[in-house]
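In: Provided below are the primary sequence and the corresponding predicted coordinates.
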Amino acid sequence: MLLKVLGTAAGGGVPQWNCACPGCSGARAHPDRRRRHASLAVRADDDHWYLINATPDIADQIEHTPALHPSPATRRTPMAGIVLTDAELDHTLGIARLRESDRIEVFATGPVRAALCERAHLDGLLAPYTSLEWRELGSVPVPLSGGSDVEISAVPVSAKRPRYAGGYAAAGPGSEVSRRGAAEPWVVALRLHDRRTGGTALYAPALAAWPDAFHEALAEADVVLLDGTFWDDEEPRRSGFSARTATGMGHLPINGPDGTATRLAPLAARCLYTHLNNTNPLVDPAAPQHKELAGLGLAVAAEGMEIVL
C-alpha cells in the first residue's frame, strides 16, 4: 500500500486568504511553509488511486502529484474515486471541481451522503455534468476497487455536523443510522489495510473525541495520521478568532493534560499530525513545539511525503 500526503492544513489553508497572523504572514514570506487543505491519496492497485477527502485545493494537489496525472489517452485518469471522512465543506467542495469526469465514485457514511445530497444538493448540482456513484462506508472492510488488496473501513469518532447541516435530520440514504442520535457517524477515522502486506494506516483529520473503537484501531495501526488542528485548547480564544476552545470547536488539542500527544506517545505506530490550523505554532518549522513532539516520538506530516506499508 502506498500513501501520498496531498495536504496538511485545516480550513482556509496556510496562508488563509483573509488572515495576517504569524503563521499566515510567515507562509507568505516563506512559500515553503504553505500548506494545502488536508488530504491523502492511496493507491488501490497499479492503475487506480483514491483521494481521501475532496478539498478546495484538489486540482492543485493532483497537479503536484505526478502519479495522479492523466495518461496520453483522452481524459484517462488514474484517480478512481473519493473517500470522505465527513461532510465538511473543506473536505467536499472539491467534488464539484471534478465535474469534467464521466462519473465520480464516492465512499461516504449514510449521514454524510444524505447531507450532501439533501442539504447541499450536490447530486442535483452536478447532474448536468457528471454522475455521482455512491458507495457505503461502514465498519465492515471493503476493497477500494474490484481486485485491490487495499480495503477500507470506518471508525466513527463523533457526531459533529457541518454548519450547513445543523439541526438536520437525514431522511435519505443512511437515515436509519442517522436516527441514532450521538451514535451518528458524521465524522469517521478511516482504516486502510493491505491484505497482502498486512500493513495498516489510520487517518483521522478531525477528532472531537477519543472513543473506545478509535483507541482499539490505534493499537492495530502501523501508521497514524491524525488531527493536529490546534496546539492547545485555548488557542482559538487566544488567537481571537473564536470564543470557543479547541475542544469546543470539535478538535482535541495536541498539548495539555487531555491532549492527544500523551495518548499517542506510548504507541508502537508511527504517528504524524495533519490538519494544522494557520494559528498552530507548528506551521513554523522552527517552532520549539516540534522538539517537544520529537521528544515523544511524534512529528508533523510533510506535504508530498510517501508512506509505504
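Out: Ah, there it is.
In: Let me know the next secondary structure element after the worst-scoring helix or strand of the chain on mean pLDDT.
Out: Counting by mean pLDDT, DSSP states H and E, the chain has its least confident helix or strand at helix 175-178, which shows a mean of 34. Where DSSP states H and E defines the elements, the next helix or strand beyond helix 175-178 is strand 187-194.
In: partners of that next one in the sheet?
Out: Strand 187-194 pairs in its sheet with strand 150-158 (antiparallel), strand 200-204 (antiparallel), by DSSP bridges.
In: contact partners of the helix or strand encompassing Leu226?
Out: Assessed by DSSP H and E, Leu226 sits inside strand 223-227. Residues outside strand 223-227 that contact it (C-beta atoms under 8 Å, 6 or more residues apart in numbering) are 3, 5, 40, 189, 199-207, 218, 251-252, 260, 264, 267, 269-275, 301, 307, 309. (Each C-beta comes from the backbone N, C-alpha and C, glycine too.)
In: got the angle between it and strand 150-158?
Out: Counting by axes from the mean of the first three to the mean of the last three C-alpha atoms, to 10 degrees, strand 223-227 lies at 30 degrees to strand 150-158.
In: If you count neighbours, what's buried in stretch 59-73?
Out: Across stretch 59-73, burial judged by 16 or more other C-beta atoms under 10 Å covers Asp60, Gln61, Ile62, His64, Thr65, Leu68.
In: Mind checking the pLDDT average for the strand or helix carrying His91?
Out: Per DSSP H and E: His91 is located in helix 89-92. For helix 89-92, mean pLDDT rounds to 98.
In: tell me the mean pLDDT for stretch 53-72?
Out: pLDDT averaged over stretch 53-72 equals 96, rounded to a whole number.
In: Distance from that stretch to the middle of the chain?
Out: In terms of C-alpha atoms, centre = their mean, to the nearest Å, the centre of stretch 53-72 is found 16 Å from the chain centre.
In: for that stretch, how far is the first residue from the last?
Out: Chord length of stretch 53-72, first to last residue, is 26 Å (C-alpha to C-alpha, to the nearest Å).
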